[in-house]
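Colleague: Got a sequence here, can you model it:
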Amino acid sequence: MKKIIIFSIFVLALTLSACEDEASKGVSTITTYPTIELKGAEALTIPVGGTYVESGVIAKEGETDITSSVTTEGTVNSTKAGVYTIKYTAVNKDGFTVSIRRYIGVISPAAAAMDISGKYKRNAGAKGIATIVKTSYAGLYINDNPGGIAIIPGSNEIFIYMFHTEPTVVSAPSQDTSVGDFACTGGVYDASGASPLYNWVCVNSGYGTAVRTFIKQ
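Modeller: Numbers count the residues shown, from 1 in each chain. The predicted structure follows:
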């Protein structure tokens, strides 16, 4: 009789365990994805020899502030003209991450004194027009067509930050756009001829590796 009781308890335990396993099937946990927001400008410039002041970010997991857990990658060398990227990453309690970037241009005095804004036409392909607009920061511009494609206004523009760090140097750091991550490398600005021009290579999955040349109109 004792053996029968023990056996019955064992079977009951197995049954309850199976029920719990069955009940847990299809049940998902809820995670609150982290959010992160820049304080200050997304892109800015300082002069060579100037001081970069970090504005920081605000990160949250729902209503909970998790800013203190944000990690930062990248530095700014204010003694050397160029473009520097600071990447901030926040992680929630379940290990999900989100990142955001800030772009800092260190601009030489000669480049800061120039204004390269205007319309530039690519000399090959669709010969699209790139409109370069000057911002309030010396050496920082917005380019609406870095690849020189055929543009349909209000439809397929690709807006990027374009930096003019030295008289003959232009570039666009890797940044998020409507067509994914986009960068422009090896950029050269030439104002010595009858009409200023620049050329660079676009880095994006939808673009080739050809050097693209744009002539001011």
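Colleague: Would you mind identifying the next helix or strand past the helix-or-strand element of the chain with minimal mean pLDDT?
Modeller: Every helix and strand in the chain was compared by mean pLDDT, DSSP states H and E; the lowest is helix 2-24, with a mean of 40. If you walk from helix 2-24 toward the C-terminus, the next helix or strand you reach (DSSP states H and E) is strand 34-38.
Colleague: which parts of that next one are buried?
Modeller: Residues of strand 34-38 classed as buried by neighbour count (16 or more other CB atoms under 10 Å): 34, 36. Where C-beta positions appear, they are placed from N, C-alpha and C, glycine not excepted.
Colleague: Each with direction, which strands does it pair with?
Modeller: When pairing is defined by DSSP bridges, strand 34-38 lines up against strand 57-61 (antiparallel).
Colleague: Next, give phi and psi for residue 122.
Modeller: Note on residue 122: its backbone torsions stand at phi -70, psi 140 [degrees, to the nearest 10].
Colleague: where does the chain have low pLDDT?
Modeller: 1-28 (pLDDT under 70).
Colleague: redo that, cut-off 90
Modeller: Low-confidence segments of the chain (pLDDT under 90): 1-31, 153-155.
Colleague: residues in contact with the residue nearest the centre of it?
Modeller: By CA atoms, centre = their mean, the chain has its centre lying nearest to residue 175, at 3.4 Å. When contacts are counted by CB atoms under 8 Å, 6 or more residues apart in numbering, residue 175 touches 101, 103, 160, 161, 181, 182, 183.
Colleague: Please list only the buried members of the residues you listed.
Modeller: 101, 103, 160, 161, 182, 183.
Colleague: for the fourth one, which residues make a bridge with it?
Modeller: Put plainly, it is residue 161. With DSSP bridges as the criterion, residue 161 is bridged to residue 142.
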